[in-house]
Structure formats: structure tokens, C-alpha cells
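>>> I'll drop the sequence and a predicted model, then ask my questions.
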Amino acid sequence: MLKDLYKKLMTETSTQIGDVILKYLEPIKSDDVELYNICAELLLKKIGTFETRAYLMRFSFEACSGKQWTDEIKHACAAIELELASMYYANRIFDEKGGKKILQKPNIQFIAAMITRDLASQALTHGCSKLDYEKFIKINDIFDEINKTFYIGQFFEIEKNVYSDTIELDWDKMLELYYKRNYGVNNSYFEKIAIIGSILGDGTKKQISALSEFAKNYGMAIQIINDIGDFVPPEHNLGTEEKLSEDAYSDIRHGKFTLPIIYTLIKGKDEERKLLIRALKNQATTDELLDITKIVVNNGAIDYTKKIVSDFVKKAKSHLSFFSDQKIKDLFDEMCFISYSNRYYKELNKFKK
């Protein structure tokens with residue numbers, strides 16, 4: 001029953017937010033249809049799918065206000081998804097993702113990132129149109145902080161959290177850099193979405209704090225799961241709207257540190273470390289990359305990483321105890337189901353000896 005309600009609310013959120021997003025995209029057609037198709041590409045693919053961030057915004061509002069979301073909140077939710085698209089377009093450039101056709105014109109992705117960011121600001125302004133000036137400024141500052149923190153996270157991902165710069169670091173230092181990167185590129189976004197939704201819902205300080213802590217830890221779990229997905233071979237990876245199956249092993253090929261990589265470098269056997277280092281230097285063959293998948297599945301790296309995901313989810317859920325309404329707790333709790341069962345886990349299990 002709860003799962004059915006959660007799916008209903010997710011679908012409803014996605015459908016209605018999709019309609020709002022289309023209204024912001026539509027004027028671009030009058031400038032150039034090709035430009036419209038470029039800016040709308042990811043957003044059109046997501047309409048009708050589960051949009052977790054928009055749902056988090058909506059339900060943070062409803063949990064604090066005790067009311068159903070309004071048209072203004074729908075525009076704020078649309079802003080969150082437009083901002084996410086902006087991040088993904090930029091990330092394609094940084095990580096060289098999205099397929100050969102897209103990578104042939106990286107400047108176009110930059111343009112799409114800038115335009116969708118501006119559309120996100122427009123949508124947020126509309127969503128805050130009935131607020132007093134002080135509250136509007138506070139939300140706008142938080143929204144701007146999302147963008148700044150994301151690009152700081154990208155800096156750490158590109159320049160700091162890579163094998164060439166961290167080869168001499170110990171376990172604790174590697175983890176510190178990894179979590180700093182994660183906060184910037186993902187869980188800060190979840191945290192601030194919950195804060196904005198709570199403020200829009202006139203949440204108390206305790207409500208805002210509880211939901212922001214839930215979202216921050218939930219966002220960390222989601223990012224780590226995404227990093228696990230990097231080890232799923234292309235033929236086993238269906239991909240997502242933002243991440244193509246051919247982007248498998250992208251983190252490894254770019255020398256980036258994720259938990260399974262850190263675990264294997266520190267605790268793996270000599271031959272495992274040597275092969276992984278070849279891959280981090282982008283010197284591994286396709287067959288060797290598949291061997292690395294088999295290694296991290298069987299040497300404890302994936303199991304260790306899944307435990308860390310579970311720990312962050314438990315920490316996230318612990319903050320829900322503040323709410324007395326069981327329905328609210330249950331619907332937020334249902335968001336966490338992906339941490340227990342998802343297609344990345346299922347596909348990697350096929351490589352267990």
C-alpha cells in the first residue's frame with residue numbers, strides 16, 4: 001500500500017513538474033528549434049520518470065506546512081530539475097560523458113548548461129513570487145549556493161580526487177577528499193533542496209534541520225550508489241536518462257577515486273592493485289576493465305561500499321524520528337529503498353564467484 005502511494009506521488013510529481021518545465025523551455029523554440037532540442041534533451045527524457053529531487057522539494061514543503069503543494073511550489077520544483085539539467089550538461093564536459101555524438105560538440109553542452117541555469121532562476125523566482133522579500137532573498141541565496149558548491153565539488157573531482165594527485169595519500173586522506181567531492185557534486189544539492197522546501201513550507205528550525213540532515217545523508221548514499229554503477233560493464237548496464245551505458249568505467253578511466261577503488265588500493269592484493277593502477281592511468285584494455293569488476297565484487301570492495309551506503313541511509317532515517325506523523329516518516333523512508341535494492345547491485349552480483 002505504501003509503495004503504491006509513493007509511486008503515485010512520484011508519478012504525479014514528475015508529470016506535473018514536466019508540464020511546468022515545458023512552459024519554460026517552449027520560448028527557446030522561437031529562437032532556434034535545434035537549440036531547443038539541445039536544451040530540452042535531458043529534461044524531455046525525464047518527464048514521466050521518478051524525479052527524486054522534485055519529490056524531495058515537494059514533500060519537504062508538505063511535511064512542514066501540512067498542506068498540499070501549490071502552483072508556486074511546482075515552479076520551485078521545476079527550478080530544481082532545471083538546475084539539475086544544467087549540472088548534468090556541465091558534467092558531460094568535465095567527465096567526457098554522453099556518447100561520441102555529444103562529445104564532438106562540448107561547447108553546445110556548455111551553452112545548454114548556461115541556458116537551463118537561467119531558466120532555473122526564472123522558475124525559482126516564480127515559485128517565490130508570493131513570499132516576503134526577506135524570505136525570497138534567503139531562498140535565492142541558498143539556490144545560488146547550490147551552483148557554487150557544485151562547481152567547487154567539480155574542481156575537487158577533476159583536480160584533487162584523482163590518482164595522479166593522491167598516490168601518496170593514506171586511507172583517511174583519500175576518504176576525506178572523496179567525501180568532500182561528494183558533498184559538492186551531490187549531497188549538498190539534496191541538503192539545500194530540503195532546506196528550500198522546508199522554508200517554503202514555513203518549517204520550524206527543528207523541521208528544517210531534520211529534513212536537511214536527512215537529505216544530506218541520503219544524497220551521500222545516492223552518490224556512492226552511482227559510483228558503484230561505474231563498475232557495471234556496458235553490456236550489463238541499461239544506463240539512465242543522464243548516464244549512458246557506454247559511460248561505464250568512466251571514473252576509473254579518468255583516474256578518479258571512489259570507495260571500491262580506495263578499498264582495493266589499500267586492502268587489495270598486489271596483482272589487484274597493479275591492474276587497478278593501470279586502469280587509473282587509462283592504460284587498461286576492455287577485458288582488463290571487466291577483470292576489475294570481478295575483482296571489486298569478490299575482494300570485499302563492493303560489499304564494503306554497500307555497507308557504507310547502508311550506514312548513511314540509517315543516519316538519514318534517524319533524523320525522521322523528529323516527525324510524529326508516521327505517514328511522513330514512511331514516505332521519506334520509501335525514498336531509501338534504492339539503497340537496498342537497485343539494478344547496479346543485481347548486475348554486479350552476477351560476477352560473484
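Nice, thanks for sending it over.

>>> For the chain, give me the ranges with low pLDDT.
By pLDDT under 70, the weakly predicted segments of the chain are 97-103, 165-167, 237-246.

>>> Closest to the centroid, which residue in it?
If you average the C-alpha coordinates of the chain and look for the closest C-alpha using CA atoms, centre = their mean, you land on Asn186, 4.9 Å from that point.

>>> from memory it sits against Ile222, does it?
Yes: at 6.6 Å, Asn186 and Ile222 qualify as touching, with contact defined as CB atoms under 8 Å. (Each C-beta comes from the backbone N, C-alpha and C, glycine too.)

>>> Give me the common contacts of these two.
Residues touching both Asn186 and Ile222 (CB atoms under 8 Å, 6 or more residues apart in numbering): none.

>>> What residue, apart from its backbone neighbours, is nearest the residue nearest to the centre of the chain spatially?
Spatial nearest neighbour of Asn186, chain neighbours left out: Gln223 (4.0 Å); criterion: CB to CB, 6 or more residues apart in numbering.

>>> follow-up on the earlier one: now the residue nearest to the centre of the chain: phi and psi?
For Asn186, the backbone dihedrals are phi -150, psi -60 (criterion: degrees, to the nearest 10).

>>> In stretch 144-161, which of the residues would be classed as buried?
Applying a neighbour-count criterion of 16 or more other CB atoms under 10 Å, the buried positions in stretch 144-161 are Ile146, Asn147, Thr149, Phe150, Ile152, Gly153, Gln154, Phe156, Glu157, Asn161.

>>> Dump the C-alpha coordinates for that stretch into CSV.
C-alpha atoms of stretch 144-161 as CSV (Å, rounded to 0.1, in the frame of the first residue of the first chain):
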residue,chain,number,x,y,z
ASP,A,144,23.0,30.3,-5.7
GLU,A,145,25.0,28.4,-3.1
ILE,A,146,23.9,25.2,-4.8
ASN,A,147,25.6,26.3,-8.0
LYS,A,148,28.8,27.5,-6.3
THR,A,149,29.1,24.3,-4.2
PHE,A,150,28.6,22.1,-7.3
TYR,A,151,31.4,23.7,-9.2
ILE,A,152,33.7,23.6,-6.1
GLY,A,153,32.9,19.9,-6.0
GLN,A,154,33.7,19.6,-9.7
PHE,A,155,37.1,21.2,-9.0
PHE,A,156,37.9,18.7,-6.3
GLU,A,157,36.7,15.9,-8.6
ILE,A,158,38.8,16.9,-11.5
GLU,A,159,41.9,18.3,-9.8
LYS,A,160,42.1,16.7,-6.3
ASN,A,161,40.3,13.4,-6.1
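
>>> contacting residues around it?
Everything outside stretch 144-161 that qualifies as a contact, by CB under 8 Å, 6+ apart, is 83, 87, 90-91, 94, 117, 165-166, 177-178, 180-186, 188-189, 192, 256-257.

>>> Produce a PyMOL select command limited to the buried residues of the residues you listed.
Buried members of those, defined by 16+ other CB under 10 Å, are picked up in PyMOL with:
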select buried, resi 83+87+90+91+94+117+166+177+178+180+181+182+183+184+185+186+188+189+192+256+257
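
>>> show me where the stretch 101-250 of the chain has helices.
Assignment of helices within the stretch 101-250 of the chain using DSSP state H, counting those that start in this stretch yields the ranges 106-127, 133-155, 163-166, 171-182, 188-200, 205-229, 250-253.

>>> out of the ones you listed, which comes closest to Asn299?
Counting by CB to CB, Asn299 lies closest to helix 205-229 out of the helices of the stretch 101-250 of the chain; the figure is 14.3 Å.
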